[in-house]
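Chemist: Sequence plus the predicted model coming up.
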Amino acid sequence: MAVIDAHAHIGVFESWAGVSATADQLLEQMDKFEVEKAAVFGLDNDLVRRAVDSHPGRLVGYVWPNPHDPGALNLVQKAVDEWGFMGVKLHPLLHAFLPTDDEVGPIVEFMASRRLPVAIHSGHPPFSLPWSIGELAEKYPRARIVMLHMGHAHGVYIKAAIDTAKKFDNITLETSGVSMHSKIREAVERVGEDRVVFGSDYPFHDYSVELQKVRVSGLDDRLQRKVLHDNAERLLS
């Protein structure tokens with residue numbers, strides 16, 4: 001079964017993580033695990049741009065701004081209008097902001113005007129909890145929000161991610177790093193079969209592990225294809 005990855009990285013991620021990946025390394029893993037396309041982010045947006053330009057059709061660029069930067073909105077607009085990027089990645093924990101902070105609004109409004117997704121890290125207090133992402137979805141109902149990690153490794157946050165996405169139909173859940181494989185099936189059943197997408201979080205997580213969680217989640221073949229391919233294809237088109 002062909003796979004589309006809604007969450008991958010290139011670049012160097014030091015400090016606590018100590019991982020890195022080049023575009024070639026990502027593509028090698030994609031080929032190994034039959035991943036036809038991946039949304040790719042990186043703290044070095046120019047690195048991502050060069051990778052996307054070198055591998056059209058395989059890598060889909062997402063711009064990663066720091067909303068505290070006065071030039072953040074200009075960067076996002078340039079990435080979309082000039083570079084052809086198809087989404088934005090926000091990391092409230094890394095850059096220390098709440099999803100509903102004033103500096104985030106113009107970025108979300110711009111992406112909503114283009115009907116392009118806003119992928120946002122979830123699962124860690126105090127800045128990236130599912131409830132705060134729900135407040136963002138409520139504040140910007142036209143925004144296409146992808147809650148990355150669907151609460152991550154904390155059972156309470158996973159439940160909150162599913163509950164929040166069920167409440168706001170502009171939220172899609174992404175599976176990388178979720179600690180309970182059964183919650184992927186629960187998300188599909190409760191939130192909707194069109195609103196859960198596979199992500200690897202490469203190189204922070206391994207494709208073999210993240211794919212296996214979907215495959216043992218209890219979803220039948222049709223629903224697995226929705227999660228592993230069709231929903232992300234629609235998201236990235």
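Modeler: That came through fine.

Chemist: Which stretches in the chain count as strands?
Modeler: Along the chain, the segments classed as strands by DSSP state E run 3-9, 11-13, 19-21, 35-41, 59-63, 87-90, 117-121, 144-148, 171-174, 196-197.

Chemist: Could you identify which of those is most buried?
Modeler: Most buried of the strands of the chain by mean neighbour count (mean count of other C-beta atoms under 10 Å) is strand 196-197; its value is a mean of 30. All C-beta atoms are positioned from the backbone trio N, CA, C, and that covers glycine.

Chemist: avg pLDDT for that strand?
Modeler: The average pLDDT within strand 196-197 is 98.

Chemist: for stretch 137-153, same thing?
Modeler: Average pLDDT, stretch 137-153: 97.

Chemist: Also stretch 227-237?
Modeler: 95.

Chemist: can you check stretch 32-46 too?
Modeler: Stretch 32-46 shows a mean pLDDT of 97.

Chemist: Need the residues that contact the top helix by length along the chain.
Modeler: Scanning the chain for the longest helix, with DSSP state H as the assignment, gives helix 155-167. With contacts defined as C-beta atoms under 8 Å, 6 or more residues apart in numbering, helix 155-167 is touched by 122-123, 129-131, 133-134, 137, 147, 149-152, 171-173, 178-180, 183, 186-187, 190-191, 195.

Chemist: Among those residues, name the buried ones.
Modeler: Applying 16 or more other C-beta atoms under 10 Å to those, the neighbour count classes 122-123, 129-130, 133-134, 137, 147, 149-152, 171-173, 178, 183, 186-187, 191, 195 as buried.

Chemist: In helices, which of those fall?
Modeler: Among the buried ones among the contacts of helix 155-167, DSSP H puts P130, I133, G134, A137, K183, E186, A187, V191 in helices.

Chemist: Can I get these in CSV including distance to E82?
Modeler: Formatted as CSV, those follow (distance: C-beta to C-beta, whole Å):
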residue, distance to E82
P130, 33
I133, 28
G134, 33
A137, 28
K183, 39
E186, 41
A187, 35
V191, 35
